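Trainee: I'll drop the sequence and a predicted model, then ask my questions.
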Amino acid sequence: MAAVQGGVVDGKEEVSIKAEPQSDGTGTGDAADGTPPSASPGSGAAAGGGKAAAGAPEDQQTLLAVLQFLSRNKLSESAEILRREAGLPEDALEPKGTETSGSGPGGAGDVDGGDPASLLSRVTVCPAAAPALAKAGDDQPDVSVVLSAYSQQGDPALYQVYYRDLKKFIEMVLDCHRAELSQVFYPLFVHMYLELVYNNHENEAKAFFEKFSGDQECYYEDDLRVLSGLTKKEHMRGNETLLDFRTSKFVLRISRDSYQLLKRHLQERQNNQIWSIIQEHLYIDIFDGMPRSKSQIDAMSGSLAGEAKREANKAKVYYGLLKEPEIELPLDDEDEEAENEEGKPKKKKPKKDSMGSKSKKQDPNAPSQNRIPLPELKDSDKLDKIMYMKEATKRIRLGADNLPSICFYSFLNAYQGLTAVDFTDDSSLIAGGFADSTVRVWSVTPKKLRKVKSAADLNLIDKESDDVLERIMDEKTASESKILCGHSGPVYGISFSPDRNYLLSSAEDGTVRLWSLQTFTCLVAYKGHNYPVWDTQFSPFGYYFVSGGHDRVARLWATDHYQPLRMFAGHLADVTCTCFHPNSNYVVTGSSDRTIRLWDVLTGNCVRIFTGHKGPIHALAFSPNGKFLASGATDGRVLLWDIGHGLMVGELKGHTDTVYSLRFSRDGEILASGSMDNTVRLWDAMKAFDDLETDDFTAATGHIHLQDNSQELLLGTYMTKSTPVIHLHFTRRNLLLAAGAYNP
Amino acid sequence: MSAPKTIPKDAQVMIQILKDMGITEYEPRVINQMLEFTYRYVTTIIEDAKIYATHAKKSSVDADDIKLAIQCRMDQSFTSPPPRDFLLEVARQKNQTPLPLIKPYTGPRLPPDRYCLTAPNYRLKSIQKKMSSSAGRISVPRLSVGAVSSRPTTPTLGTPSVQSVTSKVGAPVSLTGQRFTVQIPPPSQTATTKTTTPSTPAVSNVLINPSLIGSKNILITTNMVSQNAGGEPLKRKHEDDDDYDAL
């Protein structure tokens, strides 16, 4: 299989690999991560197949062309070897050479030996399936003439024939294998269509599309619609998502038996064009075991890149929570059972923070305290924690029989301009981001919002007085709400800092702004994304924040660095949603390519890929214990994931429109979801995760068997009056707050 | 579409396009918006193409000109995000550097001032010095924000002598430290207690429009006498001076 991504033009490597016999379809190319590519053994097959179709004189011409290319790029060794072996009939060399080099979009960065300009010019060159063998090296003057001959090789008109034949074959296969093999249809269809478009066979492309687009799965409808509008090569130019799709491999997980069937069929036919296309564009992750059923496959498929490879979800993830610092609580009237490590021989024992210090030893699943640098706890933070503990004691225990009350904050007269909402952790402030580029902050409590006095006034106050924090506030500026102006585009993401000092907002103008909630002015504008930033989130400990936008990367920033600290690149389409893990060591991003990726803050690597949604993801929430993730998308489903094992563990069906917000209750017993269909639904999270403890995860194969228990897990549906629910928040006492703009 | 109402052909085409792309719900004005955009885009392209054609000394615009015009516009207005390989490479480099350590007890953690938006973004024009003919200084009340004031030094309360405070005229003042320096001549010599011996009469009463004085702090210095330092510009008084007074 051709290593499409990140191809380092290493002639020697190529040659040695090419000599190997064609191996199984289990590719070793790591397309998804773009790491310096491993070999591409399988392309031998591609070339081999092509060779069969190629005529003799063209062979010679291609050989010469390739030799020329190799020598031009100073790959003298490989040129030598090529010359030596040039007489071989099984000459898989020449397509390889140009193919991998031409197909190295990722190679641009890594290549030293190759000619960067020419490589870059081929960045979007179609790496060619055998029939097209369209080593569309159109940009290379010398070889192009020769190579363009190949584009006629695989007759575009025959694409329909190939596809139809494959379809017939798969339909006649045994039932148990049919579901698995049907996975091949969609990626094959899209890739073949894009090949035709890219090689300027517009009419054939249109005919191909018309004939076969109706056969695809319903959840690919949106993608197909986009494709239908794309008939010329120029149309593809600005569409990075499609370009990435063309150059990356679509991952399929098929059982060994089904795979053997398919392989045998395609290889025995005289035109194994499809086989070469498959090897080119698909990565088939084989597993041993029973073939999966249609429902199992449907649950996991839907993303733009296929499913996740098994290796992608094998890295160790420290999903445990960090130990809470020990803070002495002031004496209370309430007599609670509290840990008391060193029993003081006093009558009233000081209560220790009982939150995390139950076990002295380290949770094996938790990261170490200093895995990533975290800000120290200031006095004000300690006070906040004490408040938190006090509130926690008054917390209502929720459960299936004890549902939370819901308080809904409706934004009136927003005229569909409300685009983002956030609450502070102690639920005292609401911030709203609007399409008119303003951010407004309201006080939910009777306490008004005040600005800090100016410096001269601050001189006057008595700094030693007890209520100095009150005195620094300027009473004259007290008001219910404050408007923050500064962005030049609709504000799409809002996040309060945990210490209530800062507010972050991200907008369509590509900046993320940090506002001070003491002076209600803008402090910093972080410029990095040059495209709309769809979401931003502060870390649970403050100081770090993450933002994700249209440029398909998520960036990790610290408030005191004007450039990002980490870049999480890997998604095929916009990053629409970002969220920090409670231990601040991981960031999860949801994207328009329908996948969810978990990134490690320390290294920037993607440690988990979750596929299964059928639409762009708009809501993400971690359970308070850090083990599970809930995600909501435009398909109206809420999916539950086990982070440690990297598996889907639940599916909550019920919403009929995009799920825009998800939140777990403070102790993780209830999951609340809010949606565009104007409802808030409560789900029993305890029950959904309970069954898993006893389940035997087939972690090896990644098979999931989801029970269809959405109905049992649904605890309640609450309708609003034509107000889509944009944000949910559980107060510290487990009261559910919801926010949305009234939309008559 | 009711029978008597006829929609222009362009609009019908636009409606059809929207339908083909699967957009079923939209406000009626969307069609106008789309048509406007289309018209503007096409006009721009054709105008650009005409320029290219004349530059190439061609008599008429042909397809190549249009292609070139489209290409240039695409690179200019409709840029697309960087390609994936580039992003991966940049990410790889950026992710290699370790996370910086956090210094404790540093107050608000913000980037260096250059990258913050906390500096003042304005500067007031300095007021021309007015030479008075009379012996004493005439101090006309003026309003100067922050440091900028080019008045002759007037000793303020608490400092009997002329005080030349070093400062730079026109130096930017931090926004948070904004203050007004209003020099108000004390009416009829009944100045406050700490006045020094006025040797020259102050100017008569001047009304200060309270609206000019913002809600910010007002540093009011009474116009004290004895300016022997003729002609030296008023220097900035530091904020931490104890020489303020409220009238």
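Mentor: Looks like it came in fine.

Trainee: Every contact and neighbour count from this point should use C-alpha atoms.
Mentor: Noted.

Trainee: contacting residues for the residue in the stretch 301-450 of chain A that chain B sits nearest to?
Mentor: Here the residue of the stretch 301-450 of chain A nearest chain B is residue A:373; by C-alpha to the nearest C-alpha that distance is 5.8 Å. Applying C-alpha atoms under 8 Å, 6 or more residues apart in numbering or on different chains, we find residue A:373 in contact with B:99, B:100, B:101, B:102.

Trainee: go again using 6 Å as the cut-off
Mentor: Counting by C-alpha atoms under 6 Å, 6 or more residues apart in numbering or on different chains, residue A:373 touches residue B:101.

Trainee: what's the spacing between it and residue A:161?
Mentor: Applying C-alpha to C-alpha, to the nearest Å, the value for residue A:373 to residue A:161 is 59 Å.

Trainee: what do you get for residue A:295?
Mentor: 29 Å.

Trainee: cool, and residue A:180?
Mentor: Residue A:180 is 22 Å from residue A:161, by C-alpha to C-alpha.

Trainee: interface residues of chain A facing chain B?
Mentor: A:106, A:109, A:238, A:373, A:454-455, A:523-524, A:551, A:559-562, A:566-567, A:569, A:603-604 (C-alpha under 6 Å from any C-alpha of the partner chain).

Trainee: now these: which count as buried?
Mentor: A:106, A:109, A:238, A:454-455, A:523-524, A:551, A:559-562, A:566-567, A:569, A:603-604 (16 or more other C-alpha atoms under 10 Å in any protein chain shown).

Trainee: what about the residue lying closest to residue A:442 once chain neighbours are set aside, how many residues close to it?
Mentor: The shortest distance from residue A:442 to any non-neighbouring residue, by C-alpha to C-alpha, 6 or more residues apart in numbering or on different chains, is to residue A:481 (4.3 Å). Neighbours of residue A:481 under the rule other C-alpha atoms under 10 Å in any protein chain shown: 17.

Trainee: And residue B:17, by the same measure?
Mentor: Neighbours of residue B:17 (other C-alpha under 10 Å): 13.

Trainee: contact partners of the helix or strand harbouring it?
Mentor: Assigned by DSSP states H and E, residue B:17 belongs to helix B:9-20. By C-alpha under 6 Å, 6+ apart, no residue outside helix B:9-20 reaches it.

Trainee: buried ones in the next helix or strand along the chain from it?
Mentor: Tracing the chain C-terminally past helix B:9-20 and defining elements by DSSP H and E, one meets helix B:29-55 next. For helix B:29-55, burial by neighbour count (16+ other C-alpha under 10 Å) applies to B:31, B:35, B:45, B:46, B:48, B:49, B:50, B:52, B:53.

Trainee: Residue ranges in the chain under the pLDDT threshold?
Mentor: I'll assume chain A. A:1-59, A:61, A:87-154, A:269-272, A:329-361, A:691-704 (pLDDT under 70).

Trainee: right idea, wrong chain: chain B
Mentor: Low-confidence segments of chain B, defined by pLDDT under 70: B:1-4, B:129-247.

Trainee: helix/strand/coil for residue A:518?
Mentor: Classification of residue A:518 by DSSP: H, G, I helix; E, B strand; the rest coil places it in coil.

Trainee: Would you confirm that it contacts residue A:453?
Mentor: No: Residue A:518 lies out of contact with residue A:453 (C-alpha atoms under 6 Å); the separation is 9.2 Å.

Trainee: neighbour count winner among the two?
Mentor: More crowded of residue A:518 and residue A:453, by other C-alpha under 10 Å: residue A:453, with 22 against 16.

Trainee: May I see the buried residues of stretch A:387-402?
Mentor: Quick answer for stretch A:387-402 (16+ other C-alpha under 10 Å): A:389, A:390, A:391, A:392, A:395, A:396, A:398, A:399, A:400.

Trainee: still on that earlier bit, more crowded one of residue A:180 and residue A:161?
Mentor: With other C-alpha under 10 Å as the criterion, residue A:180 and residue A:161 differ in neighbour count, and residue A:180 comes out ahead with 22 against 12.

Trainee: Report the contact partners of the more buried one.
Mentor: Residue A:180 neighbours (C-alpha under 6 Å, 6+ apart): none.

Trainee: If we use 8 Å, what do you get?
Mentor: Residue A:180 touches A:254, A:255, A:258, A:291, A:292, A:293, A:294, A:297, counting by C-alpha under 8 Å, 6+ apart.

Trainee: Look at it and tell me its secondary structure.
Mentor: Under three-state DSSP, residue A:180 comes out as helix.

Trainee: isn't residue A:424 right next to residue A:501, touching?
Mentor: No: with contact defined as C-alpha atoms under 8 Å, residue A:424 does not reach residue A:501; the gap is 10.2 Å.

Trainee: These two - which one has more neighbours?
Mentor: Ranked by neighbour count (other C-alpha under 10 Å), residue A:424 and residue A:501 place residue A:424 first, with 18 against 15.

Trainee: Need phi/psi at the more buried one.
Mentor: phi -70, psi 170 (degrees, to the nearest 10).

Trainee: For residue B:115, give its distance to residue A:384.
Mentor: Taking C-alpha to C-alpha, one finds residue B:115 at 30 Å from residue A:384.

Trainee: quick one: which of those two has more around it?
Mentor: A direct count of neighbours by other C-alpha under 10 Å for residue B:115 and residue A:384 places residue B:115 higher, at 18 against 15.

Trainee: from memory that one sits against residue A:524, does it?
Mentor: Yes: the criterion here is C-alpha under 8 Å, and residue B:115 meets it with residue A:524 at 6.9 Å.

Trainee: need the contact list for residue A:437.
Mentor: Residue A:437 is in contact with A:485, A:486, A:487, A:488, A:489, A:490, A:491, A:507, counting by C-alpha under 8 Å, 6+ apart.

Trainee: can you tell me which of those are in helices?
Mentor: If you go by DSSP state H, the contacts of residue A:437 have nothing in helices.

Trainee: Can you flag which of those belong to strands?
Mentor: A:485, A:491, A:507 (DSSP state E).

Trainee: Compare these and tell me which is most surrounded.
Mentor: residue A:491 (31 neighbours).

Trainee: Verify the contact between it and residue A:435 for me.
Mentor: Yes: between residue A:491 and residue A:435 there is a contact at 6.0 Å, judged by C-alpha under 8 Å.

Trainee: Common neighbours of the two, please.
Mentor: With C-alpha under 8 Å, 6+ apart as the test, residue A:491 and residue A:435 both reach residue A:419.
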